[in-house]
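Undergrad: sequence? don't have it. structure:
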């Protein structure tokens, strides 16, 4: 028989008692006894640290994490770290990010667009911290930023009592709450939790005259630190570490391992400050790591630390294992981490809540349901995915703006050869594709050499290609006064970049007149093609039938107002008038209107933008020596899916109608012309 | 001061005592008290089941899992389940798979090529089990296969004492060892561990005259079952369930929920058999699930069960959360799960060990290092990824064989229109791309309608495109007597399939002569192109310059022996002689030589195969009415990377030399001709 009526209270009481016993035993019996500072193999740590029972902080307790992050590459690393954190976490998190301006720009946009529930972000300016550590000469590759960890107790909010400090090159393989729970084991005097260093560095016998900073035994590694901030502040942490560092620097001259040297010197002098963490919380894959003692015995790895300058390429016979854990998160779809925390009433980010409401109000029967749903999708955006240098300020400089997905990556090399100026490109990728993209750039000498091409990754989400959202991301990130709004399938004339800058200057664009410079577009249907090096060559190819004006066969209206016949003869820029369906490629000031994000996939995405320019009274000026040529390509997967769909066409019509209503609202009677033009029979236009 | 010298033995003893206490308390105090059968909300289960301390079986203990799996779609599901299992597991696993012939073929190949350390697989033939359950009328969508779970105690090896039985539609979100550890809580009489059913089905009040099978309260769900097999057998399980099922069927006529109805009827009569599992071990997302009571309170979900026929499309306000856990594994790179289990001395699969040795012997300085490394890579292979029907046996039938990656998916629809016969296609994809591929097929009426196209997914691994390994996978899976060895960028003449079958019959291929039928290849450089509907039309396009013979501009040698001039006039098949670099597209018997896997990426991959055919004295017979046309496409990412590399060309030369040495070994003096031909100046060939 099954027992039924046994009072639940009894079970609960037993459980409570059990938990108390567990707590008692662990506090009293374990962590101190297994500290490996006196030469015990680090592997011993996990005998007790990794076996059940596992402690956890109370459900929904907010955990604080601090990370110092600077530059483009570390920003990518930190995102992988955060993905691993979020994957396993079951608590709300508050990330305290000490960043330079590059990382701040990247991470602020990333987290705003990521909208992960129950994650709070605070930024601290690394620039302001520099004076606190810049007096310390340092030889470590982490530079000044590594040293900044020493200053955290003074930088973080005074009310913050505890924080876990992480290097950007660690990967979690478990719930950070288990690490947080280890604070409970600190005695009143213990204020820093650290894992023993898993190399012989601090033993000082690696080579002749090797003189490391002082440390207890093997010393400690500072890739993962538990800081009891309140007690550290009370104990005068800042004064202590400065005094000790100053003293050691007199003989040692510089730190070799940045903050870690100073932490170790302080601990050597005040060993009572440290609570040794089980080794599995910082498995160090440095070049001569002895971490094997740790992970071969452990049943469970918690945190991996890629603390070799070689990172994932470190030589280690088990590196394949660790790499697989890291690649898991490198390629993990970050959108999946937007999942809520059940049972913790952490409010959604404000924007997320509005969006959820708007999504809930959509009508699934609406022909445009998918469009509207995707328009409400906020795509995660990772700005400047690769190192990028700001363009020198030049009053007539122009950035090429375009967007692409994986199937157009092959265009990038040719585009770089044709356009020697700055570019702002939005790439629509999955997380895994973003890694492929990195490998693609690394393998290309042409692409690797450029620092003036900004690649902004917009992460895929939803069935439609959000072409105008992508264009807006690339446009918003253009940093020159002018932008050339192109498409990725076009190659510009080799001279175009120079010619545009000269034209902008000569035409006194911006100051004198509000104009959009039209770059006439051509196309080749031939897969192999010799690019014309001049307008004369282009015209010859046009006459021989090797080139056509763009979409001449299917949709001449799109470029008819450019007036190719006039262009042939033109020697000076000439004005043209807007007409229905006109969609030229144009050069405009950076502050031009944005693209209308309601248009997705294929149809009206550029047309609506040109209407907007016309409505705002931009002159349309065709440049006589400018041209671009469209190259043929296999059709994208998206286009074939939707071209054949009647529902898609119905929806496009509905969206056009709404667009015109919005125009009327914004521009009044002047906008009537667009509606009238649309209603005229096509043959007359 | 840090405590240093405290004897470690003391800590260990304390830990042991603690573990004993934990075991004692849990066995005695918890699970019985929380069984929710008498109407307690299921949420109560996890108060005790999900909080620390978490039990685990001894490190390295082998855990047994049984799954019934039949058909193409369930095979895909089971792989996702296994990926989730492997992601969290830290123990060796033995999977006992009861399969039909389709699932066996898929899963046997998959696991052989996956080579996951410390995973053992046994197959059991579902066909043999059918008589044991086919007498039970059943209305559930799982069909007879669901019922087979009842027969497991008799089917699994007699020495097997415990097993966890899983439905194919569950996803793990935690380590299965924690579930296994719950066996320890069973009393002597308890033999089945189950989670309460999270719907009102068995309460019998869903609609008027709703008559479910008898159950205790809400009953239990059988998506996750702990079976104490030894005691079940001793207790006469088989006789018991058969008697009870027989009796109930007299009035209820059929099962509604397959095995679950029978399990519940047995438990209703023998409640002492069951040990109720905490609800988090089977969170049921059925259509009217009450699982919310469970997961909103739990701090930790363990297993999700997609037990609605709608699966991931089930309506549930938290479905996005659960879907994100499931998608994690759906898209997870299975190669990453090849990681070893540290500290468990489980031997590698024999093939894996050989490969590791061979890999270790490679010379990193060798120009061909990447080629040799990738040749030793065993790619995971998922045969017949989508439902596929075997072709009816026809003596002259021919299967089109080709391979592709994501960037050629657009070719599939056109190919299906041009080739109405069977196809065997190898797709080189990541796990995430395989999901995109599924969506692509689902969105295409043309592709969805075909059951004679077999798609074999070969999972990406390594930097080179393993073109010949892919061809060999597709070739080995062709099930007709003849194969047409094509490439994905070619469209066959509409008549080709019929014409080939007629030709094979007329030429008495196979029986009378050993021949390869050559299908002449053409190409268009035009992106838009009207496909010729006859040889006459093709010749007209050739004359007008719209079409060319294949690679006429860059590499005419590749098809020169086909003798296009002769083909123009030919009315009957004609013999041609092999010459160096000849690489025609041919129709051959299925048992033709395989492609040489040493050639990867771009170069010599087809040439070597034709040499092999010639060496084995296949006649080369050109068919006068056959043709295929190559369509232009953007270059693949791989080709551009390697075409420019001198190391790549050096390596190709080395591989060619080795190939010729192998030819000499196998064919003796007769193979000299290939080496001589290669050494002749190109102009003379």
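TA: Ah, there it is. Values in this document were obtained by computation on a predicted structure and should not be read as measured data. Numbering: from 1, shown residues only, chains lettered A, B, ... in the order given.
Undergrad: May I see the buried residues of stretch A:252-260?
TA: Buried residues in stretch A:252-260, defined by neighbour count with 16 or more other CB atoms under 10 Å in any protein chain shown: A:252, A:255, A:256, A:257, A:258, A:259, A:260. Heads up, the C-betas are built off the backbone N, CA and C, glycines and all.
Undergrad: same question, stretch A:140-160
TA: Along stretch A:140-160, these residues count as buried under the neighbour rule (16+ other CB under 10 Å): A:140, A:142, A:144-153, A:155-156, A:160.
Undergrad: ok so residue A:522 is a strand residue?
TA: Yes: per DSSP: H, G, I helix; E, B strand; the rest coil, residue A:522 lies within a strand segment.
Undergrad: That one: how many residues sit nearby?
TA: The tally of other residues near residue A:522 (other CB atoms under 10 Å in any protein chain shown) stands at 20.
Undergrad: What residues are bridge-paired with it?
TA: When bridges are assigned using DSSP bridges, the partners listed for residue A:522 are residue A:549, residue A:629.
Undergrad: From what I see, it and residue A:629 are in contact.
TA: Yes: between residue A:522 and residue A:629 there is a contact at 4.8 Å, judged by CB atoms under 8 Å.
Undergrad: what do these two both touch?
TA: Taking CB atoms under 8 Å, 6 or more residues apart in numbering or on different chains as the contact rule, the neighbours common to residue A:522 and residue A:629 are A:538, A:547.
Undergrad: Which positions in the stretch 201-350 of chain A make contact with chain B?
TA: For the stretch 201-350 of chain A, the residues found near chain B under the criterion CB under 8 Å from any CB of the partner chain are A:216, A:271-272, A:274, A:276, A:295-300, A:318, A:320-321, A:324-325, A:327-328, A:331-333, A:335-340, A:342-343.
Undergrad: how about 6 Å then?
TA: By the criterion of CB under 6 Å from any CB of the partner chain, the positions of the stretch 201-350 of chain A lying close to chain B are A:271-272, A:295-296, A:299, A:321, A:324, A:327-328, A:336, A:339-340, A:342-343.
Undergrad: could I get the residues you listed as a markdown table with pLDDT?
TA: A markdown table is the format used below for these (pLDDT from 0 to 100):
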| residue | pLDDT |
| --- | --- |
| A:271 | 97 |
| A:272 | 96 |
| A:295 | 83 |
| A:296 | 81 |
| A:299 | 71 |
| A:321 | 85 |
| A:324 | 90 |
| A:327 | 93 |
| A:328 | 93 |
| A:336 | 94 |
| A:339 | 88 |
| A:340 | 85 |
| A:342 | 80 |
| A:343 | 77 |
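Undergrad: out of these, which are inside strands?
TA: Members of these lying in strands (criterion: DSSP state E): none.
Undergrad: Can you say which of those are buried?
TA: So, by 16+ other CB under 10 Å, the buried ones in these are A:295, A:299, A:321, A:324, A:327, A:328, A:336, A:339, A:340, A:342.
Undergrad: Could you find which two of those residues are furthest from each other?
TA: When these are compared pair by pair using CB to CB, the farthest-apart members prove to be A:295 and A:340, with a separation of 33.1 Å.
Undergrad: Would you list the phi and psi of the most centrally placed residue in chain A?
TA: The geometric centre of chain A, computed from its C-alpha atoms, lies nearest to residue A:382 (CA atoms, centre = their mean), at 2.9 Å. Main-chain dihedrals, residue A:382, degrees, to the nearest 10: phi -110, psi 100.
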